[in-house]
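Trainee: Sharing a sequence plus its predicted fold:
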Amino acid sequence: MHIESIPMRWGTGDNYSYLLIDTPTKHAWLIDPAEPKDVTAYFKKHNPSFELKAIVNTHHHYDHAGGNSDFHLKYPDLPIIAGKDSPQVTYTPSHQEVIDLGDNLSITALHTPCHTQDSICYFVKDSSTKEKAVFTGDTLFISGCGRFFEGSGEEMDKALNSILGKLPKETKVYPGHEYTKSNVKFSKTVLNNDAIKKLDKFVNENEFTTGEFTIGDELEFNPFMRLNDPNVQKITGASNSVDVISKLREMKNNM
């Protein structure tokens, strides 16, 4: 597989769109292309070779699905795969439904309601190279997670720790925003391990972190996925996983 990370609204929203390509066929998904002008400018500059098969959204927020109408006008026959609340959606996959892309890619839709009730993550496996990736929208960030706008701590705990946290550890993580620096600032207040120190060093030396880290890494440096960590429980004053994750989110919101 080949993945192009496309920065959008850089310096304000720090969003990512992604072009996911099956290498032999060039069949592609365009994920969360909220800003068509930014996406088009990227394509003109880098000229990637692909045959677009679908527009895909991780959730309905404008900074992820805001480009759907423009793309639908330009490509009226192109499927728009997303949760039911996204504009112009033509197909909503069920939880754990597998969709094939090209010859080698199989993509599993993972429903992860909380940030929004229509949040879907997409887990990709390449049968040829054995590579694995997951596009997490605003559910999972590098060393963080999304706000619980439409859900509860129980839902986010399930999304992160019963669904995404159970993916193969080598799965590379592609979130919806470049929020790692601010996430690390918070994570350092509740974690004290080598993993968070190494991530802190990385974000101070690199502008982009998407695709650089794995689910295995998240299990080490993401406090929202370390709910049994004694230090995390001590700082939150809780031991039940739902209480811990809810308190962490409250602390992060107030930081």
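Mentor: Yes, it's here.

Trainee: Show me where this protein has its helices.
Mentor: 36-46, 62-65, 68-74, 153-157, 180-190, 194-205, 215-221, 230-236, 241-253 (DSSP state H).

Trainee: Output those helices in a markdown table; the columns should cover mean neighbour count and mean pLDDT.
Mentor: Backbone N, C-alpha and C define where each C-beta goes, glycine included. Shown next, in a markdown table, are the helices of the chain (neighbours: other Cβ atoms under 10 Å; pLDDT from 0 to 100):
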| stretch | mean neighbour count | mean pLDDT |
| --- | --- | --- |
| helix 36-46 | 14 | 94 |
| helix 62-65 | 21 | 96 |
| helix 68-74 | 16 | 95 |
| helix 153-157 | 21 | 99 |
| helix 180-190 | 20 | 97 |
| helix 194-205 | 15 | 97 |
| helix 215-221 | 20 | 99 |
| helix 230-236 | 16 | 96 |
| helix 241-253 | 19 | 98 |
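
Trainee: would a markdown table of those helices with distance to Ile99 be doable?
Mentor: Below are these laid out as a markdown table (distance: least, Cβ to Cβ, whole Å):
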| stretch | distance to Ile99 |
| --- | --- |
| helix 36-46 | 22 |
| helix 62-65 | 18 |
| helix 68-74 | 18 |
| helix 153-157 | 24 |
| helix 180-190 | 29 |
| helix 194-205 | 32 |
| helix 215-221 | 21 |
| helix 230-236 | 36 |
| helix 241-253 | 30 |
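
Trainee: Among those helices, which comes closest to Phe141?
Mentor: Of all the helices of the chain, it is helix 180-190 that lies closest to Phe141, at 5.8 Å by Cβ to Cβ.

Trainee: and of the helices of the chain, who's closest to Pro168?
Mentor: helix 215-221 (7.0 Å).

Trainee: Mind checking the helices of the chain for the one nearest to Gly11?
Mentor: Short answer: helix 36-46, nearest of those by Cβ to Cβ, at 11.8 Å.

Trainee: Could you list every helix and strand that that closest one packs against?
Mentor: On a contact count with 3 or more Cβ pairs under 8 Å, 6 or more residues apart in numbering; DSSP states H and E, helix 36-46 meets strand 2-8.

Trainee: Neighbouring strands - and their directions - for the strand it packs on?
Mentor: strand 15-21 (antiparallel) (DSSP bridges).

Trainee: And Glu220, how far from Leu167?
Mentor: Taking Cβ to Cβ, to the nearest Å as the measure, Glu220 falls 15 Å from Leu167.

Trainee: Walking through the stretch 1-150 of the chain, point out its strands one by one.
Mentor: 2-8, 15-21, 27-31, 51-56, 80-81, 98-101, 105-111, 120-126, 132-137, 140-141, 144-145 (DSSP state E, counting those that start in this stretch).

Trainee: Hmm, Leu167 and Gly216 touching each other?
Mentor: No. Contact criterion Cβ atoms under 8 Å: Gly216 and Leu167 do not qualify, at 9.5 Å.
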